[in-house]
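Student: Have a look at this fold, sequence not included:
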């Protein structure tokens, strides 16, 4: 199943591009995507269990100064792989209701009410 994070965000903003990468993207793929995202006003990066390649991509975006929201789409521990990110969310699921809920909250249609039940 492919998370529908981009589709959920398109309900709120019509200029949403989607970039799907492998679960553990190779360095050349990360560099190419980072270069492409350099000119974006905001990047919403969803990670799933923050593989080394996913974590390296997020860290690279942070280092290049790309405005970024990181979303752990399964477990909250992804943050430990890229602790310098300033805005971090966790959905605990890649299913559509979770993607819709996080998009609604990011765009101000719902309030963020959850609290992490673990310490990271």
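Tutor: Yep, that arrived. Worth saying up front: this structure is predicted, and the values here are computed from it rather than measured.

Student: from here on, contacts and neighbour counts on C-alpha atoms
Tutor: Fine.

Student: that's a strand at residue 71, yeah?
Tutor: Yes: Residue 71: assigned to a strand according to DSSP: H, G, I helix; E, B strand; the rest coil.

Student: Contacts only, for it.
Tutor: Contacts for residue 71 (Cα atoms under 8 Å, 6 or more residues apart in numbering) come out as 44-47, 88-91.

Student: per-residue confidence at it?
Tutor: Here, the pLDDT recorded for residue 71 equals 97.

Student: Export the contacts of residue 71 to CSV and append columns for neighbour count.
Tutor: Shown next, in CSV, are the contacts of residue 71 (neighbours: other Cα atoms under 10 Å):
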residue, neighbour count
44, 18
45, 20
46, 24
47, 22
88, 19
89, 19
90, 22
91, 19
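
Student: Among those, name the ones in strands.
Tutor: Residues of those located in strands (DSSP state E): 44-47, 88-90.

Student: Tabulate the residues you listed (JSON lines), appending pLDDT and distance to residue 12.
Tutor: JSON lines is the format used below for those (pLDDT from 0 to 100; distance: Cα to Cα, whole Å):
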{"residue": "44", "pLDDT": "97", "distance to residue 12": "14"}
{"residue": "45", "pLDDT": "97", "distance to residue 12": "17"}
{"residue": "46", "pLDDT": "96", "distance to residue 12": "17"}
{"residue": "47", "pLDDT": "96", "distance to residue 12": "21"}
{"residue": "88", "pLDDT": "94", "distance to residue 12": "19"}
{"residue": "89", "pLDDT": "95", "distance to residue 12": "18"}
{"residue": "90", "pLDDT": "95", "distance to residue 12": "19"}
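
Student: Which member of these is positioned nearest residue 111?
Tutor: Relative to residue 111, the closest of those is residue 89; by Cα to Cα it sits at 12.7 Å.

Student: Check the gap between the closest one and residue 53 for me.
Tutor: Remark: distance between residue 89 and residue 53 (Cα to Cα, to the nearest Å) = 19 Å.

Student: now do residue 17
Tutor: 21 Å.

Student: residue boundaries of the helices in the chain?
Tutor: Assigned by DSSP state H, the helices in the chain fall at 5-10, 27-37, 52-63, 96-106.

Student: For residue 84, find the nearest of the ones you listed.
Tutor: Nearest of the helices of the chain (Cα to Cα): helix 52-63, 7.4 Å.
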